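Visitor: Show me how the following folds:
(chains A and B, ligands or ions: 2)
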Amino acid sequence: MSKATERATQVFKEQIDAPTAAFFSSCVSCGMCADACLFYTETGDPKYTPINKLAPLRKVWFQEYTLTGKLLKLAGISKPLTDQDLTDWEELVYDSCTMCGRCSMVCPVGNDIAYMIRKMREGFAASGHAPESLVGATRRAVEIGSPMGVKLPALQAQIRHLEEDTGLSIPMDVKGVEYLCMLSSMEIMNFPEYIGAIAKIFKHAGVSWTLSSEAFEATNSGIQIGVSEIAAELVQRIVDAAEKLKVNTVISPECGHAYTALRWEGPNLVGKRFDFEVKHILEVLDELRAAGKIKTKDKMSERLTYHDPCQIARRGGVLEQPRKLIREFSDNFVEMPDAGAMNWCCGAGGGVSSNERADEIRIKVFQRKKDQIDAVNPDALVSACSNCRIHIEDGLEEYHMELPVLSLTETLAEHLDDSVET
Amino acid sequence: MTATEWLLWARGPAFEIATVILVMGIIVRLIEILMLGRKENLAAPKGSATTGGLRTIVSRSVPDSGTFQRSTFTIVAGYIFHIGLFVVIFLLAPHILVFSKLTGLSWPALPTTIVDAFAVITILALIAVLINRLNNKVKRYLSGPMDYIVWALTTLPLITGYMAFHRIGFSGPMLIALHIMSVELLMIAIPFTKLSHAFTLFLARFYNGAVTGIKGVQS
Ligand code: SF4
Ligand code: SF4
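Guide: Ligands and ions are numbered 1, 2, ... in the order given. Alright, predicted model coming up:
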């Protein structure tokens, strides 16, 4: 067994816990998870069946943690993990799984496959079997502070532009405020309007907030590639900033996995409960709405639909809030089939969009999203993740569809009633 | 050995051995799983893990409508043969006698003709399931020899039971002996094959529902 395979086996062993063992013990090879996964439904290739993506982890579980497996391994009937296994499965575990968790909702015996994919990636990354572009993004996240290599001066430049354009002030490093707003590099570079929208809404609602010059990046490449030490280090930067600025709440931006990273994995990664709350921007906006602090001036009549980002909805529990918020600025809102907790992934989550090697399949499986959109034929699609947004725009272009893709926060800001300050 | 001797052996020592293997095997499997433990979740919960876990144990038996449309055959056939197996195993008078000898508990039986009809339906459903496994590209891809062996072990007791009830082929005692032995094979296989899902599924569903429950999502 090579060093790499030994390492992978070791990490798998550490990752396997009671849920993993219960899941593998229960699989009845019914194939229903395939029907739940866009990588299978859009390619028809059975190798993309979710449970098959876990075969290497399953092998180690069987040989190390079951009586039968131990005996069969001793007898030489069950062969140990090989380098070839790792090479063959790298594409399945990174390029063709977005960790969207849809299969986890469907499996009749209750297997949480996405939970195990997350674990399996730890072994792949540790043994040097992670895609190069993800390794690069992770290195930039650690060294520069952003997977896209965005540095503080770039953010400061965007802030200056926004302040000039809008006349609003965008606070930085202000102590003792209510909210610390995190961003994703994508927002800074591609959708800086998001920052302007936050400034506008928070001024309107009269709440105090700040950005931090020491931690502004919310995304977490460590989670996507599967290196918990790095993921923990990235979370720790945010924890340090939040504690230094003494904020009550850290706001996760319009990004899916950043929410999972900070809200659900964060405390477990750094090994302690947070002294502050973590909320998704949609949760914060909906609280403000419920408190009567958000007043809109008009409603759009265009037919709008909403794409639930997997990590925010199914894996995050933010399901009702976007709908309530959209109704504040729209009187023509329609749901796509399977919307909500069973929504279909856009195809770009879980590090797939940062993985150039996956470009082709990412666009191919977008067909699923396209069909879902076609079913309601909207005038615009609203979402709350800039990664989904960029990929959906990409996909629409590939499939020659004209459809504006809007940020919920930005659209809400556009329809605020400027004449009142609540 | 004569037919009667076979029957006595199948009913007596063989059944005891099979029961011990089944019970001990399942206990070992459950311990293997539980011993691995799981880390405490430090994230501030939006909902209860326990409630979520218990809910999923029940709710996962009912697919959402989109899933039902996509996996109709698997779900319908799965339902039929699971219900069929339940009725045949637990609601046939002679079976209830065996259970009450083992546990002291007893419950009303269904008329044998009805159970007989269930047995036929279950056998047909299992045959359909096998044909589907051989023809469906995902299932064929996922299946190893064990999947087919397990199918045979599940179907055999139904067939021998049907033959015994209708006295097909052999003498009465021999038919019963064959039926009991086929059941014993199944009992021995349960802990060490995917048939263990009959027990571990409760854990799997619980863990799944617990994780989503904490996040305030119903799974
Ligand atoms: S749906 Fe669940 S039980 Fe069926 S093959 Fe997939 S993981 Fe196994
Ligand atoms: S998590 Fe999503 S992408 Fe990954 S296997 Fe499951 S359904 Fe497919």
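
Visitor: List, one by one, the residues from the stretch 1-150 of chain A near ligand 1.
Guide: When proximity is defined by CB under 6 Å from any ligand atom, the stretch 1-150 of chain A lies next to ligand 1 at A:Cys27, A:Val28, A:Ser29, A:Cys30, A:Gly31, A:Met32, A:Cys33, A:Ile51, A:Cys107, A:Val109, A:Asn111. C-betas here are computed from N, CA, C, even on glycine.

Visitor: For A:Leu81, give me its contacts.
Guide: Listed by CB atoms under 8 Å, 6 or more residues apart in numbering or on different chains, the contact set of A:Leu81 reads A:Met1, A:Thr5, A:Ala8, A:Thr9, A:Phe12, A:Pro56, A:Lys59, A:Val60.

Visitor: most neighbours, which of those?
Guide: If you count neighbours using other CB atoms under 10 Å in any protein chain shown, the busiest of these is A:Ala8, which has 28 neighbours.

Visitor: measure that residue to A:Asp83 for me?
Guide: Counting by CB to CB, to the nearest Å, the gap from A:Ala8 to A:Asp83 is 9 Å.

Visitor: now swap in B:Thr2 and tell me
Guide: As for B:Thr2, its distance to A:Asp83 is 58 Å (criterion: CB to CB).

Visitor: Check B:Lys46 too.
Guide: The span separating B:Lys46 from A:Asp83 equals 42 Å under the rule CB to CB.

Visitor: looking at it, A:Val28 is touching B:His197, isn't it?
Guide: Yes. Counting by CB atoms under 8 Å, a contact exists between A:Val28 and B:His197, whose distance comes to 5.4 Å.

Visitor: Need the overlap of contacts for the two.
Guide: Taking CB under 8 Å, 6+ apart as the contact criterion, the common neighbours of A:Val28 and B:His197 are A:Val109.

Visitor: Which of the residues of the stretch 1-150 of chain A next to ligand 1 fall within helices?
Guide: Assignment to helices by DSSP state H places the following of these there: A:Met32, A:Cys33.

Visitor: quick one: contacts for A:Ser407?
Guide: A:Phe191, A:Glu193, A:Tyr194, A:Ala197, A:Glu254, A:Val382, A:Ser383, A:Ala384, A:Ser386, A:Arg389.

Visitor: what's the spacing between it and A:Cys388?
Guide: Distance, A:Ser407 to A:Cys388, by CB to CB: 10 Å.

Visitor: Equivalent analysis for A:Glu277, please.
Guide: The spacing between A:Glu277 and A:Cys388, counted by CB to CB, is 24 Å.

Visitor: Those two - which one has more neighbours?
Guide: Using other CB under 10 Å as the criterion, A:Glu277 and A:Cys388 rank with A:Cys388 on top: 28 against 16.

Visitor: quick one: buried residues of whichever helix or strand that one is part of?
Guide: Counting by DSSP states H and E, the element that carries A:Cys388 is helix A:386-398. Along helix A:386-398, these residues count as buried under the neighbour rule (16 or more other CB atoms under 10 Å in any protein chain shown): A:Ser386, A:Asn387, A:Cys388, A:Arg389, A:Ile390, A:His391, A:Ile392, A:Asp394, A:Gly395, A:Leu396.

Visitor: So for that helix, mean pLDDT?
Guide: Here helix A:386-398 scores 95 as its mean pLDDT.

Visitor: does ligand 2 sit close to it?
Guide: No. Helix A:386-398 lies out of reach of ligand 2 by CB under 6 Å from any ligand atom, never closer than 13.6 Å.

Visitor: partner strands of whichever helix or strand comes after that helix, parallel or antiparallel?
Guide: Following the chain from helix A:386-398 toward its C-terminal end, the next helix or strand by DSSP H and E is strand A:405-407. Taking DSSP bridges as the criterion, strand A:405-407 forms sheet pairs with strand A:380-383 (parallel).

Visitor: Name the residues that touch the strand it pairs with?
Guide: Defining contact as CB under 8 Å, 6+ apart, one finds that strand A:380-383 is touched by A:254, A:302-309, A:322, A:326, A:373, A:389, A:392, A:403-408, A:411.

Visitor: could you pick out which of the residues you listed are near ligand 1?
Guide: Filtering these for proximity to ligand 1 by CB under 6 Å from any ligand atom leaves nothing.

Visitor: Sort out which of those residues are buried, if you could.
Guide: By 16+ other CB under 10 Å, the contacts of strand A:380-383 give A:254, A:304-309, A:322, A:326, A:373, A:389, A:392, A:403, A:405-408, A:411 as buried.

Visitor: can you list the residues of chain B near ligand 2?
Guide: Residues of chain B that fall close to ligand 2, judged by CB under 6 Å from any ligand atom: none.

Visitor: residues contacting the residue sitting nearest the centre point of chain B?
Guide: Compute the mean C-alpha point of chain B, and by CA atoms, centre = their mean the closest residue is B:Ala198, 5.2 Å away. Contacts of B:Ala198 were listed using CB under 8 Å, 6+ apart, and they are B:Ile190.

Visitor: In the stretch 201-350 of chain A, where is pLDDT below threshold?
Guide: Segments of the stretch 201-350 of chain A classed as low confidence (criterion: pLDDT under 70) are not present in this model.

Visitor: ok, the residue in it positioned nearest to ligand 1 to B:Ala204 distance?
Guide: When CB to the nearest ligand atom is the measure, the stretch 201-350 of chain A has its nearest residue to ligand 1 at A:Met342, with 14.7 Å between them. With distances defined as CB to CB, the gap from A:Met342 to B:Ala204 amounts to 19 Å.

Visitor: B:Leu185 now?
Guide: Distance from B:Leu185 to B:Ala204, counting by CB to CB: 25 Å.

Visitor: the more surrounded of these two?
Guide: For B:Leu185 against B:Ala204, the residue with the higher neighbour count under other CB under 10 Å is B:Ala204, and the figures read 29 against 14.

Visitor: so which helix or strand takes in the nearest residue to A:Lys200 once chain neighbours are set aside?
Guide: If the residues on either side of it in the chain are set aside, A:Lys200 comes closest to A:Ala413, at 4.7 Å by CB to CB, 6 or more residues apart in numbering or on different chains. Assigned by DSSP H and E, A:Ala413 falls within helix A:408-414.

Visitor: For that helix, the averaged confidence score.
Guide: So the average pLDDT for helix A:408-414 ends up being 97.

Visitor: returning to what we had before: just the C-alpha atoms of the helix holding A:Cys388, please, in CSV.
Guide: The C-alpha atoms that make up helix A:386-398 are tabulated as CSV, following Å, rounded to 0.1, in the frame of the first residue of the first chain:
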residue,chain,number,x,y,z
SER,A,386,-23.6,34.7,-5.6
ASN,A,387,-22.1,31.3,-6.5
CYS,A,388,-25.4,30.0,-7.6
ARG,A,389,-26.0,33.3,-9.4
ILE,A,390,-22.9,33.3,-11.4
HIS,A,391,-23.3,29.7,-12.4
ILE,A,392,-27.0,30.1,-13.3
GLU,A,393,-26.1,33.1,-15.5
ASP,A,394,-23.4,30.9,-17.1
GLY,A,395,-25.9,28.1,-17.6
LEU,A,396,-28.6,30.3,-19.0
GLU,A,397,-26.1,31.7,-21.5
GLU,A,398,-25.0,28.2,-22.6
